[in-house]
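In: next comes the sequence, and after it the predicted model I'd like to discuss.
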Number of protein chains: 2
Amino acid sequence: MNIFVIGIGLIGGSFAKDIKRLRPDSKIFGVDTNTSHLDEALSLGIIDVKSGYQDLTQADMVIASIPVDALAEKLPEILDAINDDCVVFDGGSTKSLICKTLENHPKRRNFLACHPIAGTEFSGPSAAMEGLYNGKTNIICEVEKTAFKLQERALGLFQEMGMRIRYMNPLAHDRHIAYVSHLSHISSFMLGKTVIEKEKNEKDIFDMAGSGFESTVRLAKSSPAMWTPIFEQNKDNVVEILEDYIQNLEAFKELLLENDYKGIYTEMDNTNKIKEILKGIPLNKQ
Amino acid sequence: MNIFVIGIGLIGGSFAKDIKRLRPDSKIFGVDTNTSHLDEALSLGIIDVKSGYQDLTQADMVIASIPVDALAEKLPEILDAINDDCVVFDGGSTKSLICKTLENHPKRRNFLACHPIAGTEFSGPSAAMEGLYNGKTNIICEVEKTAFKLQERALGLFQEMGMRIRYMNPLAHDRHIAYVSHLSHISSFMLGKTVIEKEKNEKDIFDMAGSGFESTVRLAKSSPAMWTPIFEQNKDNVVEILEDYIQNLEAFKELLLENDYKGIYTEMDNTNKIKEILKGIPLNKQ
């Protein structure tokens, strides 16, 4: 099978690595606007050959793992270029605009809208990991719009890779993912900013930071090029949940100012139930 | 050597485990108001014997690892009870009130004010870990107020345990630790609260959460009994940095509302330097 990976970074590269392992007969074609990433992917053995859009007619499967603004722009072109028996799926963290953009595309049936909930804060081909998707959730939107035979081709791969499948509509996806992913990134970026600004003249103070700080600011290492268009496409949901978050922080501050420590205890005690919730989240074992 | 551990949870229990390993001749006396913790610590072999304040005259070293409100209340009594050749140190996450409280105590020279920057979000004797402190920073305040011979006794242990020592005054400690630790806990608790409230009718939505969410809300599992008095004692510093954080989140929201995606990119790009900062933080390998 000829498999094209468009965008050969953490997400696309990790797909390529699993495919190599599970289906050694596949040929992996790499496409990337970043030529040094492409060279790196080739030398790391993540792809078999460097390729481009002009070769897409040869593809049996296309994995589009580029930032969500590029997906909205390029997916119509990708669908234009493929043959009728090729399945294209993406890995974008927003689904509404992409599904809307392709709504009336003559090859809509060749596309499967996906969001594999997996990743790390790193990017580029060197960040690609075998087994990244094992045990992780893959959210699929508007599955009914994809040709059955092509659904099966993609789902078969996801199953071999050990992914759990969940079906959802694009609007619900974008709303919930704002809560459980996009907000965490803003919280982390702004936490990092706040502390860096405060300590800008005392750099060695970070000796004092422990694993708790590391955990809460880890996502502030994420790629701005990837995250800016996510926030743009999901602006309304992100603003709404960000306002709730700010309001809760303000309320916590008020309790402090009023010396209401019973109230503060209760806030934390009520939130401790996150323990049970987190038990269900599959984590990367790195 | 007779070593008393007052408060036999994660912090005290991890000290006890390392002492057992490094100095097998030591006898570990456990003291805890929670009798089931005390029984558990005994059955886990973390302590050799259950004990109480009445036995403190036998102590060569006392490790006070109880919440910071209890430290402020109990440390004077502990110092009253020990003999002149005993060193007492604590592990509290705030240092100003404790140092102030003991300022004029006749046995001030027997006390070493410590804050080992180590821990996990878990608590109780079962959370105690051998090697927790290896490679971690221990901040010592007002070292000059402790008798030299007693400093040496405690520092010798810290060195054997692999800790890095930093000296600081209590006011500077409390200010900086508000930035690099206390704020992270509030950020995490309120993030957990925000998402739990939003998703209260859709519990299975947490299938969608990945390791990024887990990382940013991990600290929301922390003990309210431990954290409430920390926020109380460090209120001024915590309120100040919390206000900065809220302001940065508001500014990020404004950029979104104004569709200033170049501004959003720049905010994230500037904060990416956290990568370099985080490289210096020793983490738990669990």
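Out: Structure received.

In: got the contact list for the closest residue to residue A:209 other than its chain neighbours?
Out: Excluding the flanking residues, the one nearest residue A:209 by Cβ to Cβ, 6 or more residues apart in numbering or on different chains is residue B:180, at 4.1 Å. Using the backbone N, CA and C atoms, a C-beta is placed for each residue, glycine as well. Neighbour list for residue B:180: A:195, A:199, A:205-206, A:208-210, A:213 [criterion: Cβ atoms under 8 Å, 6 or more residues apart in numbering or on different chains].

In: redo those residues as a markdown table? Include neighbour count and distance to residue B:84.
Out: Output for the contacts of residue B:180, formatted as a markdown table (neighbours: other Cβ atoms under 10 Å in any protein chain shown; distance: Cβ to Cβ, whole Å):
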| residue | neighbour count | distance to residue B:84 |
| --- | --- | --- |
| A:195 | 29 | 43 |
| A:199 | 18 | 41 |
| A:205 | 20 | 36 |
| A:206 | 22 | 39 |
| A:208 | 23 | 33 |
| A:209 | 25 | 37 |
| A:210 | 23 | 34 |
| A:213 | 27 | 39 |
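
In: can you mark which positions in the host helix or strand of residue A:149 are buried?
Out: Per DSSP states H and E, residue A:149 falls inside helix A:148-160. For helix A:148-160, the neighbour count (16 or more other Cβ atoms under 10 Å in any protein chain shown) marks A:150-151, A:153-155, A:157-158 as buried.

In: now swap in stretch A:115-133 and tell me
Out: Across stretch A:115-133, burial judged by 16+ other Cβ under 10 Å covers A:115-121, A:123-125, A:127-129, A:131-133.

In: so which of these reach chain B?
Out: Filtering the buried residues of stretch A:115-133 for neighbours of chain B using Cβ under 8 Å from any Cβ of the partner chain leaves A:117-121.

In: TSV for those residues, including distance to residue B:189, pLDDT and secondary structure?
Out: Formatted as TSV, those follow (distance: Cβ to Cβ, whole Å; pLDDT from 0 to 100; DSSP: H, G, I helix; E, B strand; the rest coil):
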residue	distance to residue B:189	pLDDT	secondary structure
A:117	23	95	coil
A:118	26	92	coil
A:119	25	86	coil
A:120	24	84	coil
A:121	22	81	coil
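
In: tell me, how many residues neighbour the nearest residue to residue A:168 once chain neighbours are set aside?
Out: Spatial nearest neighbour of residue A:168, excluding adjacent residues (Cβ to Cβ, 6+ apart): residue A:139 at 5.4 Å. The local packing of residue A:139 (other Cβ atoms under 10 Å in any protein chain shown) involves 22 other residues.

In: how about residue A:222, phi and psi?
Out: Note on residue A:222: backbone dihedrals following degrees, to the nearest 10 are phi -60, psi 160.

In: on that earlier part again, for the residue nearest to residue A:168, give its distance to residue B:208.
Out: Look at residue A:139 and residue B:208: by Cβ to Cβ, to the nearest Å, they are 7 Å apart.

In: quickly list what's touching both of the two.
Out: Common contact partners of residue A:139 and residue B:208 (Cβ under 8 Å, 6+ apart): A:117, A:166, A:177.

In: from those residues, which is closest to residue B:279?
Out: residue A:117 (27.0 Å; Cβ to Cβ).

In: just to check, the closest one is in contact with residue A:135?
Out: No - contact criterion Cβ atoms under 8 Å: residue A:117 and residue A:135 do not qualify, at 10.6 Å.

In: on that earlier part again, now the contacts of residue B:180 in a markdown table, with secondary structure?
Out: Conversion of the contacts of residue B:180 to a markdown table gives the following (DSSP: H, G, I helix; E, B strand; the rest coil):
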| residue | secondary structure |
| --- | --- |
| A:195 | helix |
| A:199 | coil |
| A:205 | helix |
| A:206 | helix |
| A:208 | helix |
| A:209 | coil |
| A:210 | coil |
| A:213 | helix |
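
In: out of these, which comes closest to residue B:252?
Out: residue A:195 (15.2 Å).

In: ok, that closest one - contacts?
Out: Taking Cβ under 8 Å, 6+ apart as the test, what residue A:195 contacts is A:213, A:217, B:179-180, B:183, B:241.

In: could you identify the most distant pair in those?
Out: For the contacts of residue A:195, and using Cβ to Cβ, no pair is farther apart than A:217 and B:241, which are 13.6 Å apart.

In: those two: who's more crowded?
Out: residue A:217 (32 against 21).

In: neighbouring contacts of whatever helix or strand that one lives in?
Out: Element membership for residue A:217, per DSSP H and E: helix A:211-217. With Cβ under 8 Å, 6+ apart as the test, helix A:211-217 has contacts from A:187-188, A:191-192, A:195, B:118-121, B:180-181, B:184-185, B:187-188, B:215-216, B:218-219, B:274, B:278, B:281, B:283-284.

In: hmm, 7 Å instead?
Out: Residues from elsewhere that reach helix A:211-217 (Cβ atoms under 7 Å, 6 or more residues apart in numbering or on different chains): A:188, A:191-192, B:180-181, B:184-185, B:187-188, B:215-216, B:218-219, B:274, B:278, B:281, B:283-284.

In: just those residues: which are in strands?
Out: Using DSSP state E, no member of the contacts of helix A:211-217 falls within strands.

In: so does stretch A:4-23 get close to chain B?
Out: No - Stretch A:4-23 is not in contact with chain B by Cβ under 7 Å from any Cβ of the partner chain; minimum separation 12.3 Å.

In: identify each buried residue in that stretch, please.
Out: Quick answer for stretch A:4-23 (16+ other Cβ under 10 Å): A:4-20.

In: could you do stretch A:244-259 as well?
Out: Buried residues in stretch A:244-259 (16+ other Cβ under 10 Å): A:244-246, A:248-249, A:252-253, A:255-256.

In: over to stretch A:39-55?
Out: Buried, per 16+ other Cβ under 10 Å, within stretch A:39-55: A:40-42, A:46-48, A:50-51.

In: now stretch A:259-275
Out: A:261, A:263-265, A:267-268, A:271-272, A:274.

In: take those residues and write them to TSV, including distance to chain B.
Out: Formatted as TSV, the buried residues of stretch A:259-275 follow (distance: Cβ to the nearest Cβ, whole Å):
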residue	distance to chain B
A:261	5
A:263	10
A:264	5
A:265	5
A:267	7
A:268	4
A:271	5
A:272	6
A:274	4
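
In: ok, so of these, who is nearest residue B:79?
Out: Nearest to residue B:79 among the buried residues of stretch A:259-275, with distances taken as Cβ to Cβ, is residue A:261, at 26.2 Å.

In: now do that closest one, the pLDDT please.
Out: With respect to pLDDT, residue A:261 scores 98.

In: so what's residue A:199 closest to, chain neighbours aside?
Out: residue A:205 (5.0 Å).

In: contact partners for the one you found?
Out: Residue A:205 makes contacts with A:199, B:176, B:180, as judged by Cβ under 7 Å, 6+ apart.

In: returning to that earlier point: mind giving me CSV with the contacts of residue A:195 and columns for pLDDT?
Out: Listed next are those as CSV, based on pLDDT from 0 to 100:
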residue, pLDDT
A:213, 93
A:217, 95
B:179, 95
B:180, 94
B:183, 98
B:241, 97
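
In: any chance of the residues you listed in a markdown table, plus distance to residue A:172?
Out: Below are the contacts of residue A:195 laid out as a markdown table (distance: Cβ to Cβ, whole Å):
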| residue | distance to residue A:172 |
| --- | --- |
| A:213 | 34 |
| A:217 | 30 |
| B:179 | 38 |
| B:180 | 38 |
| B:183 | 33 |
| B:241 | 36 |
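
In: just the closest of those residues to residue A:78, please.
Out: residue A:217 (35.8 Å).

In: can you list the domain ranges for chain A.
Out: A:2-168, A:173-278 (automatic domain parsing).
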